[in-house]
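S.K.: fold the following, please.
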Amino acid sequence: MAPKISREIARSMFVEGLAVSDIATTYGVTEAAIYYHKNQDLKEGIDWESLKLAKSRDAKNIDIKENEFLNTLISSFEKDLKKLEEIENPAERLGILSDYAKTYYRLKAPVKTDCKTQVSTAITQTITVVANIALELKHTDVVNFLSEHSDRIITETFKHVKK
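M.R.: Numbering: from 1, shown residues only. You can find the predicted model right below:
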């Protein structure tokens, strides 16, 4: 009998960032088997790519990337600031300053996020709040259940959200 992989395991590994080829190799299945599961889930309203994107947009990752970008932007600005003193044309100087201001504003301006990301965030926050309340009330069985089944809760909830 050929090796098999469950859809939940394949989805979980994909969402964690593993490539389809790596998942297939790990479980001794073909890439087609992974794509089959991925397409079946998509037909049921579970988009692996959206789940992966939502995971990659974790606030910690975004904060780290934003800080790195800001540091680079500020460093570049400091270098250009010295050059600005040498530029005599006020319009040219203003143009350079304006470019930096626009870049900074785009980074710090409120970002419109797609609906699936907002839904994923809401579901995750709800699970966390319920788990914290259960922990507070010493219902460890509820906490364990939520911990063990959070991925399934998220995917099942996505099925019921209007597209």
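S.K.: which elements pack onto the lengthiest helix in the chain?
M.R.: Scanning the chain for the helix with the most residues, using DSSP state H, yields helix 59-84. With contacts defined as 3 or more C-beta pairs under 8 Å, 6 or more residues apart in numbering; DSSP states H and E, the secondary structure elements packing on helix 59-84 are helix 90-108. (Each C-beta comes from the backbone N, C-alpha and C, glycine too.)
S.K.: so what touches the helix it packs on?
M.R.: By C-beta atoms under 8 Å, 6 or more residues apart in numbering, the surrounding residues in contact with helix 90-108 are 66, 69-70, 73, 77, 80, 84, 87.
S.K.: residue farthest from the centroid of this structure?
M.R.: Glu88 (45.3 Å; C-alpha atoms, centre = their mean).
S.K.: would you list the phi and psi of that one?
M.R.: In terms of degrees, to the nearest 10, the main-chain angles of Glu88 are phi -90, psi -30.
S.K.: burial of the residue lying closest to Gly17 once chain neighbours are set aside, as a residue count?
M.R.: Counting by C-beta to C-beta, 6 or more residues apart in numbering, the nearest residue to Gly17 once its immediate chain neighbours are dropped is Lys52, at 6.9 Å. Using other C-beta atoms under 10 Å, Lys52 has 16 other residues around it.
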